[in-house]
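Student: Quick one: sequence and predicted model below, then my questions.
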Amino acid sequence: MRAWLAAHPVAGFVLLAFGISYLLGIPFLVFVSGAIPPRLPLTRLYAPRLLIVYGPAIAALIMTSTRGRGLRPLLSKLVPTRSDLVAGAGIMSAGIVIAAGGLLASGVGVATAWMSVRTNAGLFLAHVVLQLLCIAAGEEVGWRGWLLPVLASRMSRLRATLVTAAIWTLWHGPRLIDRPAAVALFAVSVFGLSFVFTWLWSQARHRLFPVIVAHAIVNAPMFFLQQAGVLAPERLASGWMMIHVIYTILGVTLVMRRREWWSEAEGASDRLR
């Protein structure tokens with residue numbers, strides 16, 4: 001098995017990520033969900049999903065170990081530099097602005113959203129922290145920590161991003177069981193976000209902290225608003241749709257503005273010029 005994984009790293013990673021997330025993660029989800037009392041809503045929301053969302057990270061750790069390089073190079077990508085912390089603060093602010101813009105475009109008043117955040121600030125902060133630790137870190141160690149670097153060393157950034165986005169989309173299996181229009185929008189937004197995350201990953205010289213922050217701030221506002229219960233479900237769904245649209249436009253814009261950069265393999269040029 002070790003030899004097969006070494007000979008087929010991408011296929012091996014995909015099989016491990018999906019296998020851990022679904023064959024182990026779903027039974028874990030069912031068992032843990034039943035064991036956590038309703039009076040702990042945040043714990044019930046995040047803890048049962050840990051093995052699912054950490055499937056890609058565990059797969060990355062296994063693949064790294066099979067290649068005989070040790071885990072330090074992969075795990076060191078999680079340690080932020082001072083510039084990463086500054087970038088993370090900017091990304092967090094931009095994500096909040098995009099969420100507000102999506103809600104405004106869907107007909108939700110900014111005052112309503114702001115009042116919800118102000119009166120439930122502790123809950124919003126908790127969602128941000130839990131998204132960072134329980135969702136974004138688990139996924140990004142796999143997708144942008146292992147898969148994207150391997151692909152981008154063999155092909156252009158554009159192709160590497162498209163392949164990563166396709167695998168990332170399929171990994172969200174339950175999200176693909178919905179109305180065709182909703183599934184199409186979700187898939188397109190995942191591809192748009194993938195271009196944004198590739199750009200951030202490259203700009204950070206393959207460190208993961210900025211990408212993890214970006215992933216967390218995409219999810220946190222809507223998880224928070226859903227739990228806070230201040231918006232009707234249809235209004236919440238509309239806001240989430242508009243946020244998807246904004247991120248998709250952002251991703252497409254990044255590609256169109258720097259097409260030559262996207263046609264290169266990672267390492268051909270270190271940063272956007």
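Tutor: Here it is on my side, so go on.
Student: how many neighbours does Leu85 have?
Tutor: A count of neighbours around Leu85, defined by other C-beta atoms under 10 Å, yields 13. For every residue, glycine as well, the C-beta is placed using N, CA and C.
Student: Check which element follows whichever strand or helix holds Ala111 along the chain.
Tutor: Assigned by DSSP states H and E, Ala111 falls within helix 110-119. Using DSSP H and E, the next helix or strand after helix 110-119 towards the C-terminus is helix 121-130.
Student: Which strands and helices lie in contact with the helix or strand that comes right after that next one?
Tutor: Next helix or strand after helix 121-130 toward the C-terminus (DSSP H and E): helix 137-142. Secondary-structure packing of helix 137-142 (3 or more C-beta pairs under 8 Å, 6 or more residues apart in numbering; DSSP states H and E): helix 50-53, helix 55-66, helix 209-228.
Student: Relative to Gly173, which of these is closest?
Tutor: helix 50-53 (10.2 Å; C-beta to C-beta).
Student: How far away from the center of its chain is the closest one?
Tutor: 13 Å (C-alpha atoms, centre = their mean, to the nearest Å).
Student: Check what pLDDT Ala237 gets.
Tutor: Ala237 is assigned a pLDDT of 80 by the prediction.
Student: Poorly predicted segments of the stretch 101-250 of the chain, please.
Tutor: Applying pLDDT under 70 to the stretch 101-250 of the chain flags the ranges 109-110, 112-113, 230-231.
Student: ok, the most centrally placed residue in the chain - contacts?
Tutor: With distances taken as C-alpha atoms, centre = their mean, His215 lies nearest the centre of the chain, 4.0 Å away. Each residue near His215 by C-beta atoms under 8 Å, 6 or more residues apart in numbering is listed here: 131, 135-136, 139-140, 197.
Student: among these, who's most crowded?
Tutor: Highest count within the contacts of His215 by other C-beta under 10 Å belongs to Glu140, 28 neighbours.
Student: measure that one to Asp178 for me?
Tutor: Distance of Glu140 to Asp178, given as C-beta to C-beta, to the nearest Å: 24 Å.
Student: got it, and Leu236?
Tutor: 15 Å.
Student: try Met222
Tutor: Taken as C-beta to C-beta, the span from Met222 to Asp178 is 16 Å.
Student: More neighbours: which of the two?
Tutor: For Met222 versus Asp178, the count of surrounding residues by other C-beta under 10 Å is larger for Met222: 19 against 12.
Student: nearest residue to that one other than its sequence neighbours?
Tutor: Nearest residue to Met222, sequence neighbours excluded (C-beta to C-beta, 6 or more residues apart in numbering): Trp240, at 5.2 Å.
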